[in-house]
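Chemist: What shape does this take:
(2 chains, ligands or ions: 2)
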Amino acid sequence: MKNAQSRRDFLKTTALTGGGLVLGFSWFSSKAFAPVVITANTLPFNAYLSIAPSGIVTIFSPNPEIGQGIKTAFPIIVAEELDADWEKVQVEQAALDTKRFERQLTGGSGAIKHSWERLRKAGATARYMLVEAAAKKWSVPAAECTTSKGFVMHSSGKKLSYGELANEAALITPPKDIKLKANSDFSLIGTSVKGVDNNAILTGKPLFGMDYKRDGMLYAVIQRPPAFGQKLKSFDATEAKKMAGVVDVVSFDNKVAVVGKSTWQTMQARKALQIVWENDKPLENSADHDRILKEMLNSSEKATVHRKDGDVETAFKSAHKIVESAYQCPFLPHNAMEPMNFFAHFKGDSIEMAGPSQTPEAAQKQVAKLLNLPPDKVTIELTRMGGGFGRRLNTDYALEAAELSSIIKAPVKVTWTREDDMAGGIYRPAVRYRFKAALDKMGNITAFMLHGASINAGNATRPDNFPAGAIDNLLVQSSDYKSPITTGPWRAPITNFLAYAEQAFLDEVAQAAGKDPIQLRMELLEKAQKSPVGKITYDINRFKEVSKLVAEKAGWGKKKKGVSLGFSVYFSHASYVAQIAEVILVKGKPVVKKVVAAVDCGIVINESSAKNQVFGAIVDGLGHAMHGNMTFKEGVPQQNNYDKYRLIRYNEVPEIEVHFVNNGIDPTGLGEPALPPTGGAIANAIYKTTGKRLYNQPFAEQSTTLG
Amino acid sequence: MAVISLKINGKSYQTDVDANTPLLWVLRDHLDLAGTKYGCGMAMCGACMVHINGEATRSCVLPVSAVENAAITTIEGLSATGNHPVQQAWNEIDVPQCGYCQSGQMMSAAALLAKNSNPSDKDIEAAMTGNICRCGTYHRIHDAVKLAATKMKK
Ligand code: FES
Ligand code: FES
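Modeler: Ligands and ions are numbered 1, 2, ... in the order given. You can find the predicted model right below:
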């Protein structure tokens, strides 16, 4: 990356494609977020890139950056095909424009998969135009020209930089079809590239929505109903309004907003509000949820069947052995490090917004609808996000800011305190699974049943996931209970716990069958390969490959004194991840010493970032399996800050080792897939150490023996 | 409200705020020093870490009136050009994921290294356990502190 100092000059001359003016922002302007109008004289090649005569290549990265590294990964792909000099690449967050970029959202680990070819073509097309321009200039066939690090070269030794060619090249008609590089020619993809925002992050620049500021902007905090199932009855703001810095107190949508001149003042004034809430739905307790989940699993009558292969009932009747278990997980808040916030400035016939959103397009449409504006009158600037983990797929906090600004008719930033954020809903749903497997005399699985019961999850199963396809008689069904507690996707939705339950159950089945847990899975995969049952949505060979790789790297089957290993493998979000956890006993307590992971996400784009994601996902998976728990009393969340909600810390992480299967297959996402296998690997290793199966998360609360 | 004089990153500031306002919010809302982050507001996460006379201190529970005569350093003042050994190490190890916690992490690390240029793993653990990273970059934080220590010796 070019160093930050040269960025100012460059910003003055950068432009979005189409020759129009572009609004950007510069950290070096006096007010950090004040829009800088930039005149157009750099040369647009396509939606993703422009090249200035100075040789600086600007690559526009369209997707929201949440910490998954997309703002670095996307430009790497473009720069690879362009043969750009990465030192001369400048990355800009593209504005929200789904006509131009289609999928501008962060969710489902789907961005790389979706954009891989588009990004490559964008780079390759521009490269073609540069080569054509040089060939024309030199009057030589384009086929005699090559490119490298920002230069076009001719076999005669002639050489021109991309900057020198930009003017002419931009006028070349882009080709309809473009040949892409062979994987073996990649020189940037697969290396370790540092995050493009590192410099700004490490010097404390205002990158995040929370840091957003404009002249004349007001601050607001909002009091939302304290319990799920309550609504606003009345409020008295007399005292609050008297407090220093308070500009207004307004109410909308069962909430009371305190608007003022600083965050702290509005936070203080909010405490002085007198609010009466009334119940309009049942106020639930965690004990109710436990009971409801168990009741749902006791009856199949109301369950929705998602997949039925063969005849499970008959198969269970003739079973030699039956294994049956239930696994349960609680609600979880996302706890993104940057609490929810959004800026909005309603201007009568339009609204300008800025903030952290995984789904800016959805926010734009919903705000347009809410305020009765055409969608193109809603502009949303994408700020870097201090994490999201699925929470920012929900647009509630953006809509709320828009509505508030439309009421007070002023620019305002709404900030959620940590307590607001943790107690404000959109949780990972609480789920309970019952598994049942029938074994024949040889220890083969003849029938398999999964019933998922959930609170506000819809279908808590993934009916076509492994082992579906490998078992002749299979039934997958779900039941769901509608609760006032709001839920939503949480990193690796559903599979973040389903994988754990399934992988722990398969360990139990292996034990009952007298088989090695990896051998059991291999036999199932062989069976799916030779005589598949129904639809198969996973790649059997890739499944086997990661399993074998992790077994080899972790020394599976080799005895290590005092160390127990637990295995887990899962396919989610189009990537395959296998993990082996090592657990030892320290003063009689099981301690996770190490986790080894084998990952198949196809081609690795940025090794440094990919490793960071896998490490982070394992730490996340371990931390939440051990401690994550959100409970309710009369509808009120009982954990609302880090004194009551334990997140994993520096001193609690095990050693981690990551191996990628580099098979050259088109890349898939990595923000989520490394998390689902972690809980299972740990629980299986803990079982081997202690002889105790862990059926419920969080683990740490089930046994005083756990470290 | 009271006019409070502060010395931050070697510069003098005057600001008219309630004396009880936590330093964190004075930095962020009033002085445009938003590198110091809000994470919990109750001294549990370390996102708001600054140096007060060289000591790593959480600014979210620190009334601004208590630091009127103190030397305050924020991430913006850790170095003039972003080349403090800790910043260099954090970049070389490519620590950040979302990046939100990292200014607090670096302030904790820099305070440790200023006092102890050769910290043991236990020393690092003691200094860094007060900073939460929700993205789970702890392994890289460890490596970066080690690397920064070697840079400081040079
Ligand atoms: S914001 Fe100060 S410790 Fe969390
Ligand atoms: S990098 Fe995201 S919280 Fe630490």
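Chemist: From ligand 1, how far off is the residue of chain A positioned farthest from its centre?
Modeler: Residue farthest from the centre of chain A, counting by Cα atoms, centre = their mean, is A:S139 at 49.9 Å. As judged by Cβ to the nearest ligand atom, to the nearest Å, A:S139 and ligand 1 stand 65 Å apart. C-beta here means a position set from N, CA and C on the backbone, and glycine is covered the same way.
Chemist: Can you point out the buried residues in the lengthiest helix in chain A?
Modeler: Longest helix of chain A, by residue count under DSSP state H: helix A:111-138. Neighbour-count burial for helix A:111-138 flags A:111-113, A:115-116, A:118-135, A:137-138 (criterion: 16 or more other Cβ atoms under 10 Å in any protein chain shown).
Chemist: Check stretch B:115-131 too.
Modeler: Buried residues in stretch B:115-131, counted by 16+ other Cβ under 10 Å: B:P119, B:D123, B:I124, B:A127, B:M128, B:G130, B:N131.
Chemist: Tell me which residue in chain B sits closest to chain A.
Modeler: B:G35 (2.0 Å; Cβ to the nearest Cβ).
Chemist: OK, contacts around that residue?
Modeler: By Cβ atoms under 8 Å, 6 or more residues apart in numbering or on different chains, the contact set of B:G35 is A:T203, A:G204, A:K205, A:P206, B:T74, B:I75, B:E76, B:S103.
Chemist: now do 7 Å
Modeler: Neighbouring residues of B:G35 by Cβ atoms under 7 Å, 6 or more residues apart in numbering or on different chains: A:G204, A:K205, B:T74, B:I75, B:E76, B:S103.
Chemist: Hmm, A:R384 and A:G209 touching each other?
Modeler: No - applying Cβ atoms under 7 Å as the test, A:G209 and A:R384 come out as separate, 8.0 Å apart.
Chemist: all helices of chain B, in order?
Modeler: Counting by DSSP H, the helices of chain B are B:23-25, B:85-92, B:102-115, B:121-128, B:138-153.
Chemist: Got the confidence number for the residue of the stretch 251-400 of chain A found nearest chain B?
Modeler: Chain B sits closest to A:G386 of the stretch 251-400 of chain A, with a gap of 3.0 Å, by Cβ to the nearest Cβ. For A:G386, the pLDDT comes out at 98.
Chemist: Over to A:A32?
Modeler: Looking at A:A32, the pLDDT reads 33.
Chemist: And the one 4 residues further on, by the same measure?
Modeler: A:V36 carries a pLDDT value of 33.
Chemist: How about A:W277?
Modeler: 98.
Chemist: Same question for B:V26.
Modeler: B:V26 is given a pLDDT of 98.
Chemist: separation between the nearest residue to it once chain neighbours are set aside and A:Q265?
Modeler: Nearest residue to B:V26, sequence neighbours excluded (Cβ to Cβ, 6 or more residues apart in numbering or on different chains): B:V64, at 4.8 Å. Distance, B:V64 to A:Q265, by Cβ to Cβ, to the nearest Å: 13 Å.
Chemist: for the residue nearest to B:V26, what are its contacts?
Modeler: B:I4, B:V17, B:A19, B:T21, B:P22, B:L23, B:V26.
Chemist: restrict these to those near ligand 2?
Modeler: Among the contacts of B:V64, no residue is within reach of ligand 2 (Cβ under 6 Å from any ligand atom).
Chemist: Grab the nearest non-local neighbour of the residue most central in space within chain B.
Modeler: Centroid-nearest residue in chain B: B:M107, 3.0 Å away (criterion: Cα atoms, centre = their mean). Once flanking residues are discounted, B:M107 sits nearest to B:M49: 4.0 Å by Cβ to Cβ, 6+ apart.
Chemist: where are the low-confidence patches of chain B?
Modeler: For chain B, no stretch has pLDDT under 70.
Chemist: wait, isn't A:F45 in contact with A:M129?
Modeler: Yes - with contact defined as Cβ under 7 Å, A:F45 counts as touching A:M129 (6.4 Å).
Chemist: domains of chain B?
Modeler: B:2-78, B:85-153 (automatic domain parsing).
Chemist: which ones are touching the residue nearest to B:M107?
Modeler: B:A56, B:R58, B:G104, B:M107, B:S108, B:N131 are the contacts of B:M49 under Cβ under 7 Å, 6+ apart.
Chemist: what's the distance between the closest residue to B:K115 other than its chain neighbours and B:T137?
Modeler: In space, B:K115 comes closest to B:G54 once its chain neighbours are excluded; the distance is 8.0 Å by Cβ to Cβ, 6+ apart. Distance of B:G54 to B:T137, given as Cβ to Cβ: 25 Å.
Chemist: Next: A:A182.
Modeler: 34 Å.
Chemist: what about the two, which has more around it?
Modeler: Taking neighbours as other Cβ atoms under 10 Å in any protein chain shown, A:A182 and B:T137 compare with B:T137 leading, 29 against 8.
Chemist: who are the neighbours in contact with that one?
Modeler: By Cβ under 7 Å, 6+ apart, B:T137 lies in contact with A:N612, A:G616, B:V95, B:P96, B:Q97.
Chemist: how does it look with 6 Å?
Modeler: B:V95, B:Q97 (Cβ atoms under 6 Å, 6 or more residues apart in numbering or on different chains).
Chemist: State the distance from it to ligand 2.
Modeler: Distance check for B:T137 against ligand 2: by Cβ to the nearest ligand atom, it reads 5 Å.
Chemist: list the contacts for A:A240?
Modeler: Neighbour list for A:A240: A:V249, A:A269, A:A272, A:L273 [criterion: Cβ under 6 Å, 6+ apart].
Chemist: which one of the residues you listed sits closest to A:K688?
Modeler: Comparing these against A:K688 with Cβ to Cβ picks out A:L273 as the nearest, at 54.3 Å.
Chemist: Kindly list the main-chain dihedrals of the closest one?
Modeler: Per-residue torsions, A:L273: phi -70, psi 140 (degrees, to the nearest 10).
Chemist: Share the number of residues neighbouring it, please.
Modeler: Other residues near A:L273 number 17, with proximity taken as other Cβ under 10 Å.
Chemist: Check what pLDDT it gets.
Modeler: A:L273 carries a pLDDT value of 98.
Chemist: Can you tell me how far the residue nearest to it when sequence neighbours are not counted is from ligand 1?
Modeler: Among residues not flanking A:L273 along the chain, A:A240 sits closest, at 5.0 Å (Cβ to Cβ, 6+ apart). Here the criterion is Cβ to the nearest ligand atom. By it, A:A240 lies 24 Å from ligand 1.
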